[in-house]
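K.L.:
Only the shape, not the letters, is given here:
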């Protein structure tokens, strides 16, 4: 027997590994990745096209699903939501009231009460100032004789002090912004009293309807009323009032008559000083606060009668 018959037989088997270079496992992984990306971009699109209130409703649902299901809210009963739940939109008029809404209403209510209290205290301060000035006029022999020419009242803008002309006792020289000596004394005394309050001041000059010759093209009642208002401001400051308290100085000519029935009446020539309340001050700073003026004989204090006619001289 030959030696070949005693040699062992070796069988070599080639191991075949499935999913090699030409396998399909990577395709499954890629499909999963594409699906995840599509879901991600779909989520981003939904979040970008959903209102803020709807997002809060969805968040509430995931934080406390049972509460939202029972009480309603975006995501559960809003038929207009991107993620519709069917039924009535419970968040518009009826349904759940969020804690933030309740707190906002409480804050608004508190703010209104605080504003009302501030206005009440402010009016009390203006009433006190009015009484102080009236007392000052009564106790001063120098001012008492001009009592009928000084009108004090509380308006929607604040405390208004009007100093008006009388037919035989004008405040200024005729057709001029030069103050009479007694007018200087009145304004200086008022300036001293006004410096005791924190409110800002507005001044307006008024004339009667008498016109300057050629006033349409040159110097007119507009310039005259403005100059008189500014001259009054200077005397208030001389009397002790801080110049920074003045927020507005205007000339209104004869556009706001005291006596509309008689445009030439001497009482139409006047200086109006308004101790502004906070609301009017803010309106002026926003260029939205025209000065309110009282007019007619009903605004006059008891005992002061309107003189008949004017002297025909401008201002």
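P.N.:
Thanks, I have the structure now. From a predicted model like this one, the values you see are computed outputs, not experimental measurements.
K.L.:
number of nearby residues for residue 195?
P.N.:
By other CB atoms under 10 Å, 16 other residues sit near residue 195. Placement of C-beta: from N, CA and C, glycine included.
K.L.:
Which residue ranges of the stretch 1-150 of the chain form helices?
P.N.:
For the stretch 1-150 of the chain, applying DSSP state H, counting those that start in this stretch gives helices covering 25-48, 52-63, 65-71, 99-139, 141-144.
K.L.:
Mind telling me which of those the model trusts least?
P.N.:
Mean pLDDT values for the helices of the stretch 1-150 of the chain show the minimum at helix 65-71, a mean of 56.
K.L.:
picking that back up, so which of the helices of the stretch 1-150 of the chain is nearest residue 191?
P.N.:
Minimum separation from residue 191 across the helices of the stretch 1-150 of the chain (CB to CB) falls at helix 99-139, 11.1 Å.
K.L.:
list the helices and strands the closest one packs on?
P.N.:
helix 141-144, strand 150-154, strand 158-164, helix 181-194, helix 278-285 (3 or more CB pairs under 8 Å, 6 or more residues apart in numbering; DSSP states H and E).
K.L.:
quick revisit: please work out which of the helices of the stretch 1-150 of the chain is packed deepest.
P.N.:
Stretch with highest mean neighbour count among the helices of the stretch 1-150 of the chain: helix 52-63 (a mean of 16; mean count of other CB atoms under 10 Å).
K.L.:
Return the distance of residue 150 relative to residue 178.
P.N.:
Going from residue 150 to residue 178 by CB to CB, to the nearest Å gives 20 Å.
K.L.:
quick revisit: among the helices and strands packed on helix 99-139, which is the most enclosed?
P.N.:
With neighbours taken as mean count of other CB under 10 Å, these reach their highest mean count in strand 158-164, at a mean of 23.
K.L.:
partners of that strand, with directions?
P.N.:
Next to strand 158-164 in the sheet, as set by DSSP bridges, lie strand 150-154 (antiparallel), strand 270-276 (antiparallel).
K.L.:
got the contact list for it?
P.N.:
126, 129-130, 133, 149-154, 171, 183, 186-187, 190, 199, 232, 258, 266-267, 269-277, 280, 294 (CB atoms under 8 Å, 6 or more residues apart in numbering).
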